[in-house]
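Enquirer: Fold the following.
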Amino acid sequence: MDKINYIKKYINTTVDIDQTVPFGFVSSVTADGSNQMYLHGSRNIEEKLPFEANSIYRMASQSKFMGTVAFLKLIDQGRVTWDTPLKNYLPE
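Expert: Numbers count the residues shown, from 1 in each chain. Reported below is the predicted structural model:
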């Protein structure tokens, strides 16, 4: 079984058996730039509305993670340093 089919089977099994997981989603981009996307489950469990590619949902609290990644990219680009005070960029 190739990796994408293994992941699809895992998502299907997890969503269908564990009723606390409403949906699963995976997206991959290959070296040539092609994209594969797979999703399964419900965006609203009570109403049995299907989870779709354009569904809006709360993924998790990602703001600290994304902020850290953005800051590290700025350091890598030389636009800030580890010693740059955050007050230079953030309002009180």
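Enquirer: Now the helix or strand encompassing residue 66: buried residues?
Expert: Using DSSP states H and E, the element containing residue 66 is helix 63-76. Buried residues in helix 63-76, counted by 16 or more other CB atoms under 10 Å: residue 71. C-betas here are computed from N, CA, C, even on glycine.
Enquirer: Return the distance of it from the chain's centre.
Expert: Helix 63-76 sits 16 Å away from the centroid of its parent chain (CA atoms, centre = their mean, to the nearest Å).
Enquirer: next one: stretch 77-84
Expert: 27 Å.
Enquirer: C-alpha coordinates for that stretch, PDB please?
Expert: Only the C-alpha atoms of stretch 77-84 are listed here, as PDB (Å, rounded to 0.1, in the frame of the first residue of the first chain):
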ATOM      1  CA  GLN A  77      16.800  37.200   6.100                       C
ATOM      2  CA  GLY A  78      18.800  39.500   8.400                       C
ATOM      3  CA  ARG A  79      15.800  41.900   9.000                       C
ATOM      4  CA  VAL A  80      15.900  41.400  12.700                       C
ATOM      5  CA  THR A  81      18.300  39.800  15.200                       C
ATOM      6  CA  TRP A  82      17.900  37.700  18.300                       C
ATOM      7  CA  ASP A  83      18.600  40.900  20.300                       C
ATOM      8  CA  THR A  84      16.000  43.100  18.500                       C
END
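Enquirer: Walking through the protein, point out its helices one by one.
Expert: Remark: helices assigned in the chain by DSSP state H are 3-17, 63-76.
Enquirer: Those into CSV, with extra columns for distance to residue 46 and mean pLDDT?
Expert: CSV is the format used below for the helices of the chain (distance: least, CB to CB, whole Å; pLDDT from 0 to 100):
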stretch, distance to residue 46, mean pLDDT
helix 3-17, 15, 86
helix 63-76, 28, 87
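Enquirer: could those helices be laid out in JSON lines, adding distance to residue 33?
Expert: Shown next, in JSON lines, are the helices of the chain (distance: least, CB to CB, whole Å):
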{"stretch": "helix 3-17", "distance to residue 33": "17"}
{"stretch": "helix 63-76", "distance to residue 33": "21"}
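Enquirer: mind checking which of these is nearest residue 48?
Expert: helix 3-17 (12.7 Å; CB to CB).
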